[in-house]
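J.: Next input, structure requested:
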Amino acid sequence: MKKNSRSLLISMLSLGLLACASLLLPVSFPGRSQPLPPPLSSFAIAAIIALLVWLAQPWRVAIRGARGDISVSMAIDVAAMLLYHPFIAGLGSAVGTAAYHLFGMPLVRATRPKENRLARAFVRGVVTFAAVALGGWAAGMLRPAAGAIVFSQDWLAIVVGISIRLLIRIVFYPLGMAALRRDPVGEYLRKEWERLPLVPYLMITTLGGTAALIFQYQPPAIVLLFGPLAATWALSQEFHRLNELLATLEDKVQDRTARLAETVTALERRLAESEALHAVDEAISTAIHPDEVLAVIARESVRVTGGSSALVTLLTADGRQFVRATSGEGMERYIGLELPMQGNLTSLVLQTGQPHVSRDPENDPRLNQDLVRSGHWRDVIEAPIRTKDRTLGVLVVASQQPGRFDEQHMRLLTLLANQAGRLIENSELHAKAREVAVLEERNRLARELHDSVTQMLFGLTLNLESAASLLQRKPEKAAALVSRSQEMAAEALAEMRSLIFELRPAALQEKGLAMALSNHINLFRRRQGIDVSLALEGDERLTPEVEFALYRVAQEALNNVAKHARAQHVRVRLKLQPDEAFLEVCDDGIGFDPTAGVPAGSFGMIGMRERVSEVGGSLEVESRPGQGTCIRARIPVASGGETG
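T.: Here you go, the predicted structure:
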């Protein structure tokens, strides 16, 4: 308020000094040789000037590329300033200008603000009177009497008069208007100078000065200026229209640019989201342990939201909550931290299954303040990690910037949390599948023991009992039974060795995958009565993990052939190269539809895929009903280990 009062005081003082100067300086002008006209004539001349200025105010001239426009009344001001006594010209111009700003124009749409009209008209009138009076006084000092045109005197007088009028216009008018608007004087002056239409002003005032010179020398010739004036006004109207179109175009360009920037920002955000989801999907497909994927989810959550840190919590089987993965500087030490199940924000997310935010973490008792202080958290968002029917944990992302997260961030974190839920659910299903596969393998071995070794041992026991009873009475028959028992014991021993070989074949470690696979196929051919051909290419040695995975895939594929395929012939192909190991098992059995899912009660396919995935490989199943089945496993040697 004090600053506004000071601006008003400065403006009123400057306008008062200007008015005094415009009244005192022209008193002695133009000397005794040209006194003021009689009062009636002076009043008539001032009234005509005022009427012309008032009527000319709405008509404005603009030039394309120039800032703003200028009223045609400015030409009348300059002409009157050069033709008549400074007091008469100043009074007429001031009255016409003030009348326009106070009353406007009839039949012309008002373009002036309605507020402060009286004060605005007063300031305009005082400034116009001073500008015309002082400009006329200065011009008259250089060209005191009318007569023939003297270019050096006349044009110098015009330039000086126009310059003084311009100087007063650009200094004292903004001072007065700044006081009315209660704006800082310096700031308002700067704005006025920036939008001053200097080129139109010079053109219009020069035209007015030229008209005054012509009127002094030969008044009828003034009509010659009407044509150029009309053409100038018409051309200025076109320029004015072009300027408006240019301004409209600039507004549209700015609007389109802003919308384009928003679109680009949205596309960049969507691209970051897609990259994050792709990174999580890739991690899910290649990671061996779920914690590896949870770490990727935490890292991508920080990247796409612009946060500073993140952590993932999971529930245990006994209902406790632990931090399983983190991202961000200094967050690694919190892995394994147990969070309470009551009274904090993560427990609320777990209970409601809905995302929650904390806009003031430092004063939020629901958050672990050690985490808040360590990570300098200023904004926190938490999303539940869910499956179809339960909540498994919470994805927490924090930022060091207040108000960083919005609804789109919440939506993205919900997607990433759902990915984590899908991972955990798949991991649990795979664990159950492995358990079933182990149980199925144990049952198979139990059946093999029962069907072969147990029966042989039972027969061996009966033969030995019979031999013992016949040893005294019929020694030759007892000897035959003992001999048969030896054969059965040898067969039982061979069968036991083959079963032990299937659990962890020694030949696989000693002689390599090719020899172990050949031995297993020989045993399979003898026991199942199915024709099996083996094609071997290459003699590379692989890591034990890769060789065992391929051996188990071949073993499980042949086991499926024996149980389900009803095949007559099986073709096994093993190709060992420095950069890749390839295994193919094809049969001519009944086949099946791979798109129909895993047959009920069989987890062989799941087990094979997991074994190959664990060593970085891929498994392809090709089959059709009635056209047999082909199983192909590819394992890059670089991902499986070094060749030996």
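J.: Now do the most far-flung residue of the chain relative to its centre against residue 459, distance only.
T.: Most distant from the centre of the chain: residue 473, at 98.5 Å, with distances by Cα atoms, centre = their mean. Between residue 473 and residue 459 the distance is 22 Å, computed by Cβ to Cβ, to the nearest Å. C-beta here means a position set from N, CA and C on the backbone, and glycine is covered the same way.
J.: Shouldn't residue 342 be within a strand?
T.: No. The assignment for residue 342 is coil, going by DSSP: H, G, I helix; E, B strand; the rest coil, so no strand is present there.
J.: got a list of what residue 93 touches?
T.: Applying Cβ atoms under 8 Å, 6 or more residues apart in numbering, we find residue 93 in contact with 49-50, 53, 73, 76-77, 80-81, 128-129, 132.
J.: quick one: which of the residues you listed is nearest residue 477?
T.: Within these, the smallest distance to residue 477 is 146.8 Å, found for residue 73 (Cβ to Cβ).
J.: How much space separates that closest one from residue 18?
T.: According to Cβ to Cβ, residue 73 and residue 18 sit 20 Å apart.
J.: One more: residue 539?
T.: For residue 539 relative to residue 18 (Cβ to Cβ), the value is 108 Å.
J.: cool, and residue 45?
T.: From residue 45 across to residue 18, the span is 23 Å (Cβ to Cβ).
J.: For the residue lying closest to residue 632 once chain neighbours are set aside, list the residues it contacts.
T.: Ranked by Cβ to Cβ, 6 or more residues apart in numbering and with sequence neighbours excluded, the top spatial neighbour of residue 632 is residue 620, at 4.5 Å. Applying Cβ under 8 Å, 6+ apart to residue 620 gives the contacts 631-634.
J.: Filter these down to the ones in strands?
T.: By the criterion of DSSP state E, membership of the contacts of residue 620 in strands covers 631-634.
J.: would a markdown table of those with pLDDT and neighbour count be doable?
T.: As requested, the ones in strands among the contacts of residue 620 are exported to a markdown table (pLDDT from 0 to 100; neighbours: other Cβ atoms under 10 Å):
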| residue | pLDDT | neighbour count |
| --- | --- | --- |
| 631 | 94 | 23 |
| 632 | 94 | 16 |
| 633 | 94 | 24 |
| 634 | 93 | 16 |
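J.: Can I get those in JSON lines including distance to residue 491?
T.: Below are the ones in strands among the contacts of residue 620 laid out as JSON lines (distance: Cβ to Cβ, whole Å):
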{"residue": "631", "distance to residue 491": "32"}
{"residue": "632", "distance to residue 491": "36"}
{"residue": "633", "distance to residue 491": "33"}
{"residue": "634", "distance to residue 491": "39"}
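J.: Tell me where the chain has strands.
T.: 60-62, 69-71, 309-315, 321-327, 338-339, 356-358, 379-386, 391-399, 531-537, 569-576, 580-587, 618-623, 629-636.
J.: Off-centre distance for the longest one?
T.: This points to strand 391-399. Per Cα atoms, centre = their mean, to the nearest Å, the displacement of strand 391-399 from the mean C-alpha position of its chain is 21 Å.
J.: Name the strands paired with it and say parallel or antiparallel.
T.: Taking DSSP bridges as the criterion, strand 391-399 pairs within the sheet with strand 309-315 (antiparallel), strand 379-386 (antiparallel).
J.: same question for it, mean pLDDT?
T.: Averaging pLDDT along strand 391-399 gives 87.
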